[in-house]
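Asks: task: produce atomic coordinates for the following.
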Amino acid sequence: MERHRPGQIFSPPLLSENQAMHRLAALPGDPGEGDAVLVEQESLPALVLSHADSDLSLIAQRLSAAGDPAWMRGLNLAALSHPAAIDHYIRSSLASTRLVVVRLLGGRGHWSYGLEQLREWAAQSPQRALLVLGGTADGAEELADLSSEPATTALALASCLRHGGPDNIDAVLLWCQRWLAGAAPSAPEPQPQPDPLCFDWQTDDGPTVGVVAYRALWSSGDTAMLQEIAACLRRAGLCPRILLVSGLRDPALQQAVRDHFCQAAVEAVICCTGFASVQADRAGDGAPLWQQLGVPVIQLLISSGSQQRWQSSSVGLSPLDLAMQVALPELDGRLMARIGGFKELAKRDDALQCAIQRYQPDPAGVAWSVELIKRWIALRHTPEPNKRIALVLANYPTRNARLANGVGLDTPASAVAILLWLQQEGYWLGEDPIPATSAELIAELSSGRTPDPETWHHPASEHLMLADYDAIWSRFAPEARAAVLERWGDPTTDPTLDGDRFPLSAKRYGNVTVILQPSRGYDRDPSLNYHAPDLAPTHAYLAHYIWIQRHFDAHAVIHLGKHGNLEWLPGKGMGQSPACFPQLCLGPMPHLYPFIVNDPGEGSQAKRRSQALILDHLTPPLGRAGLHGPLAELEGLVDEYWEAIQLGSERRKLLRQRLEQSLRELNLNPSEASFEERLDSVDGYLCELKEAQIRTGLHIYGSQPEQPQLDELVVAIARCPGPGRLGLTRALAEDLALECDPWTDQESIALSAADQERLVALQPNRSTPRQVGDAVEVLEQLALQCLQGSAAYPGEQTRQAFHHIQRVIQPALMACSSSERRNLLAGLRGERVEAGPSGAPTRGRADVLPTGRNFYAVDLRGVPTETAWDLGYRSADALLQQHLQQEGEHLKHLAISIWGTSTMRTGGDDVAQVLALMGVRPRWDGPSRRMVGLELIPESALCRPRVEVTVRISGFFRDAFPQLIGWLNQADQLVRAQQGDPSQRMCAIYGSAPGAYGAGLQGLIDSGQWDERSDLAEAFLNWSQWDYGKAGEPLKDRRGLEDRLRQVELILHNQDNREHDLLDSDDYYQFQGGLAAAVGTLKGETPALWFGDHSRPERPKPKPLQQELDKVIRSRLLNPRWIQGMAKHGYKGGFELAASLDYLFAYDACTNVVPDWAYSEVCKQWLQSEAVLNHLRTHNPWALRDMAERLLEANNRGLWESADPQQLDELRALVLSSEQQIETGNQR
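Replies: Okay, the predicted model is just below:
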């Protein structure tokens, strides 16, 4: 088999060349099962290649009707998805071919390598012709220009195929025959077909449901799936109104669809088409087709593979289906249903010499999806007093200190707000008063039975009888039952059973029930954390959701806040089966999910695995950290010292002594040689700490930040530059004629004398600014003054910046609260909620506002973007330069963790960085600027060795970005081919087991069931040992992972925004910390640990992990501003303190990079502060106890070795006193 030349373009792969296609297809065009294969056909004068089976089916029918000898072959392009298959096919099957017609669904990037090779083939002889036709009107002209015949001809032929029908197909075939005869035929005239076409409209009773599908199904006679959908709707008492369309992008066609559906008074829509009704770059403007209808639109998934392949796949959908059937329809705000049909082999066509495939319905998938539609319609018809709503609050770890999890959200207060809204809307919430405050809600929940075992002696207010459980459990799919029985045994042995019934962690308020999400089961047996990444849910877990579905009979379920565990249960990544646990637990129930707007990845997981209608919510308020306490005093001393130097004062000697003492006491020990250099370094670091962005509170769903937090959030959003905009601080700097760049310059860079003079003139009463960080402080204070009207704009650029603030940012922010409330209630009325973009508002994404919308993620076809490549390349270069300076030699092997969420937010920064490290760059093609290939960066341009990379991907990345896994594997092959050593992998990709998620450390840390760091390493290795560098399903390869990790010199994780930090989430320590524990255990020494700050794309900033942790500890954990901000949120504030301490401890357990002083200061400022203690005793004594126990554990494990004995005694006393308070139920 031919080797690819270094530097040539690669197309998105399914298999590596040396793995795949050593056998021939038994039937060209039938994908069969297993690995891809080489394709060969007997050559004929003409060939048609199409993504659409309907094309091949109809062409076969018309050729058969004509009765002529065979003169044309046909093949589905899916059979030519790999470069080697394309090369072989052109060599073997086009020997006598003179005319090739290619019809693409999508742009040239979907088959770029094939187009390149066919253009080269056509150019070899004037007797050959290539016609490239667009499957949709979008991009058809660009594709037509790739043809060797006139573009007008290609456009006409493409239009004929889009219209379909016998006459148009005959016209295409006639043109081909005339061209082959040398007649120079003119372009055919397309014959319009009904568009839209009404299919099987009857007079049916019941609510009307619109159905949209492709007209090509009708024109090719492939209507079995449409007939099943119509029949299933009728059996459910619904009236189907099926419209068949050529596509959904044309405005006139959209209007026609709207008119038909409005006249039919449809109450919901089932959509069977791929793509979206809007362009990806215009999706933020809304989807007019669906907005005007105002009803839920359900995406019925149609698989391009066979049912057998789907059943054996852990992923569920192919990369192409994921893009076309899921990611793009999400731009329309469609809600995901099940797979309703599969593409199956119908027959072999002897003339075309290929497989003819047709869509076969999956009755179970169609029925499930119809039931989902029926329940959404029921929300429209059921009066509010009769609606039953389940409000589920996450609880992990399963301790009373951590009830109602929700990232960035005051979840208890949000739940209280939602209960009040429902009551105001007429929902029946019982005769007793509902909780008026979050404290009342927590008191009511904690007084009953919660998932925390220490409450299991409390009476439960709701139960599910074991017999009722068995009645449902017995009907579960056999595979699911087997998985539960193997792990947990018979339901009668469940330890949570209370006699013959399952007690539930629930509190009922009339027709609304607040439920604490049950434990996944790792807490029952901590050893499962080592070897059970795909743990089946417990009987008790299933009982809670069976109760919601069957006993409570909820009309809808709300999971409140990022994120619960339902959407992470074992099962297929997408396109779930009846044996997948998310589907078993939730069933076809309307599902609403308030979710933080800056996390598109995990929100998409809920959309795709649990049919969630996302209702995004605003981030918590964000502001400058400032300096506090001893740090503020240190800054004053630094200012005094430099003033004394300038004045020649003798005080400088005394000030130097005080400074040296202060630096020791604050554990600030810069490495510079001279005192002045050390002081410069500290001065710059103080500026960085002061300007750090931190959360100053939590968001309450449906509310807006109070002042001054609202103004600070406005400034935080406005300072980021955007297209045609400088950004607020840059605008101020330009109007003030400053030489520094407040956005991209490092905080420690010295200011010019001119800049100092200008800034002093602005604030004459403060010390002279010395560094860029000082200038940023002055500019942000001026920005706030301008915003509040107490200062004038200094110039035109500032005026333009504030025009953007007043016209865009402020109105959008002010609309968030009403939009969140309005759309939650609209969803519960069965109405459509508009779609909107997602991302970090303070990283240039003000367009995600207002919140309250059903957010979508990213067009998978465009990742990595050119912008991501630019950042990734510069970040890789900065990291390698710093490593070389520190170590004196080039980096050879790096390990990096990559997440799907950050990839969605950034367009692929991390993947681009990996490519850059390997010395491989993307190729983009066409106006869409989508990545279509890879090429080596020549070593002469690279000027350094290529770096070997081991990638640990998250489970969601695996599900959401299979094409990026393919690109990374192709990059590996490209480098290996160039270096001449096929056995030496330059990029190896490892992740969790198929259908599993996470890294395995969270349960161990929470339970304390580990002794040495090697125990954490063992869990991480067991959860991470699946190799995703091979074809098809991943391979379990613990030894291969260990061999690579033994070579690792540096471990990297990047963070793309400053709306959260390393100690806000367990994921950071689980992935980077897990890698550190594993590498340290295998090598006997911990590698270099680095953090990549990508929050400002113009200024990627890699640095040692220890420096970033130090920054987070000083700027947030020990910052009175953050502590007081959390105190305003009562119980949830205590939750946040306990969580941050847990993550600090866990990072240290994995990496040993947290210094002793950090524990001492946390203890002093949190648990030895009367104000903090009073807050915790009043609102969350469980968190107080847990934090005291965690600090004692840090001491016991040798992580906090220099603890003050008095502190330890006080901590022990706190444990005892809080235990007593909890036991007596005395929350003060």
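
Asks: wait, doesn't residue 611 sit right on residue 372?
Replies: Yes. Counting by C-beta atoms under 8 Å, residue 611 does reach residue 372; the two are 6.5 Å apart. (Each C-beta comes from the backbone N, C-alpha and C, glycine too.)

Asks: tell me the SS of residue 594?
Replies: Judged by DSSP: H, G, I helix; E, B strand; the rest coil, the three-state class of residue 594 is strand.

Asks: quick one: it from residue 700, how far?
Replies: From residue 594 across to residue 700, the span is 11 Å (C-beta to C-beta, to the nearest Å).

Asks: what do the two both touch?
Replies: 409, 414 (C-beta atoms under 8 Å, 6 or more residues apart in numbering).

Asks: quick revisit: residue 611 and residue 372: which has the busier surroundings?
Replies: Between residue 611 and residue 372, residue 611 has the larger neighbour count (other C-beta atoms under 10 Å), namely 28 against 25.

Asks: now the strands: where do they sit in the stretch 51-200 of the chain?
Replies: Applying DSSP state E, counting those that start in this stretch to the stretch 51-200 of the chain gives strands spanning 72-76, 99-104, 129-134, 197-199.

Asks: report the distance from the shortest one to the chain centre.
Replies: Strand 197-199 sits 38 Å away from the centroid of its parent chain (C-alpha atoms, centre = their mean, to the nearest Å).

Asks: mind giving me the packing neighbours of that strand?
Replies: In terms of contact count using 3 or more C-beta pairs under 8 Å, 6 or more residues apart in numbering; DSSP states H and E, strand 197-199 is assigned the packing partners helix 215-219, strand 239-245.

Asks: can you name the residues in contact with the helix or strand that the last one is followed by?
Replies: Past strand 239-245, heading to the C-terminal end, the next element that is a helix or strand (DSSP states H and E) is helix 251-264. With C-beta under 8 Å, 6+ apart as the test, helix 251-264 has contacts from 195-196, 198, 208, 210, 212, 241, 243, 245-248, 269, 277, 288-289, 292-293.

Asks: if any of those are buried, put those into a ChimeraX selection.
Replies: The following ChimeraX line selects those of those that are buried, judged by 16 or more other C-beta atoms under 10 Å:
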select :195,196,208,210,212,241,243,245,246,247,248,269,277,289,293
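
Asks: shared neighbours, residue 611 and residue 372?
Replies: Residues touching both residue 611 and residue 372 (C-beta under 8 Å, 6+ apart) are 335, 337, 588.

Asks: please tell me which one of the residues you listed counts the most neighbours.
Replies: Neighbour count (other C-beta under 10 Å) singles out residue 335 as the most crowded of these, with 26 neighbours.

Asks: show me what contacts residue 133?
Replies: By C-beta under 8 Å, 6+ apart, the residues touching residue 133 are 101-104, 140, 143-144, 154, 157-158, 161.

Asks: any chance of those in a markdown table, with distance to residue 674 and pLDDT too?
Replies: Putting the contacts of residue 133 into a markdown table (distance: C-beta to C-beta, whole Å; pLDDT from 0 to 100) gives the following:
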| residue | distance to residue 674 | pLDDT |
| --- | --- | --- |
| 101 | 75 | 98 |
| 102 | 69 | 98 |
| 103 | 71 | 97 |
| 104 | 65 | 93 |
| 140 | 68 | 89 |
| 143 | 65 | 93 |
| 144 | 69 | 95 |
| 154 | 72 | 96 |
| 157 | 76 | 97 |
| 158 | 72 | 96 |
| 161 | 76 | 94 |
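
Asks: just name the closest of these to residue 1156, please.
Replies: residue 104 (61.9 Å; C-beta to C-beta).

Asks: which stretches of the stretch 751-900 of the chain form helices?
Replies: Under the criterion DSSP state H, counting those that start in this stretch, helices of the stretch 751-900 of the chain are mapped to 753-762, 772-788, 796-804, 810-828, 866-887, 900-906.

Asks: angle of the second one against helix 810-828?
Replies: Meaning helix 772-788. Between the axes of helix 772-788 and helix 810-828, defined by axes from the mean of the first three to the mean of the last three C-alpha atoms, to 10 degrees, the angle is 70 degrees.

Asks: helix 772-788 versus helix 753-762: what angle between them?
Replies: Calculated by the same axes, to 10 degrees, helix 772-788 forms an angle of 40 degrees with helix 753-762.

Asks: what do you get for the third one?
Replies: Going by the same axes, to 10 degrees, helix 796-804 is angled at 60 degrees with respect to helix 753-762.

Asks: buried residues of helix 796-804, list them for me.
Replies: If you call a residue buried by 16+ other C-beta under 10 Å, then helix 796-804 has these buried ones: 797-798, 800-802, 804.

Asks: equivalent analysis for stretch 542-558, please.
Replies: Going through stretch 542-558 with 16+ other C-beta under 10 Å, the ones that come out buried are 542-549, 551-552, 554-558.

Asks: what about those, which are in helices?
Replies: Using DSSP state H, the subset of the buried residues of stretch 542-558 located in helices is 542-546.

Asks: could these go into JSON lines alongside pLDDT and distance to residue 433?
Replies: Converted to JSON lines, these look like this (pLDDT from 0 to 100; distance: C-beta to C-beta, whole Å):
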{"residue": "542", "pLDDT": "98", "distance to residue 433": "33"}
{"residue": "543", "pLDDT": "98", "distance to residue 433": "29"}
{"residue": "544", "pLDDT": "98", "distance to residue 433": "26"}
{"residue": "545", "pLDDT": "98", "distance to residue 433": "28"}
{"residue": "546", "pLDDT": "98", "distance to residue 433": "30"}
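
Asks: can you list those in CSV and add distance to residue 759?
Replies: Compiled in CSV, those are given as follows (distance: C-beta to C-beta, whole Å):
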residue, distance to residue 759
542, 63
543, 65
544, 60
545, 60
546, 65
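
Asks: return the closest of the residues you listed with respect to residue 451.
Replies: Sorting those by how near they are to residue 451, with C-beta to C-beta, puts residue 544 at the top with 9.5 Å.

Asks: doesn't residue 504 make contact with the closest one?
Replies: Yes. With contact defined as C-beta under 8 Å, residue 544 and residue 504 form a contacting pair (5.8 Å).

Asks: now the common contact residues for those two.
Replies: With C-beta under 8 Å, 6+ apart applied, the overlap between the contact sets of residue 544 and residue 504 consists of 464, 515.

Asks: helix, strand or coil for residue 989?
Replies: Under three-state DSSP, residue 989 comes out as strand.

Asks: surely it meets residue 951?
Replies: Yes. With contact defined as C-beta under 8 Å, residue 989 counts as touching residue 951 (4.7 Å).

Asks: among those two, which residue is more densely surrounded?
Replies: Taking residue 989 and residue 951 together and counting by other C-beta under 10 Å, residue 989 has the greater number of neighbours (25 against 22).

Asks: residue 569: which of the helices of the stretch 751-900 of the chain is closest?
Replies: Comparison of those against residue 569 by C-beta to C-beta identifies helix 900-906 as nearest, at 17.2 Å.

Asks: run the chain-centre distance for that closest one.
Replies: Taking C-alpha atoms, centre = their mean, one finds helix 900-906 lying 5 Å from the centre of the chain it belongs to.

Asks: right, and the helix or strand after it?
Replies: Where DSSP H and E defines the elements, the next helix or strand beyond helix 900-906 is helix 909-918.

Asks: residues touching residue 185, list them.
Replies: Residue 185 makes contacts with 174-175, 178-179, as judged by C-beta under 8 Å, 6+ apart.

Asks: can you check residue 1016 too?
Replies: Residues in contact with residue 1016, defined by C-beta under 8 Å, 6+ apart, are 1001, 1004-1005, 1010, 1073-1074, 1077, 1149-1150.

Asks: in this structure, which residue sits furthest out from the middle?
Replies: For the chain, the C-alpha lying farthest from the average C-alpha position belongs to residue 650; by C-alpha atoms, centre = their mean, that distance is 58.8 Å.
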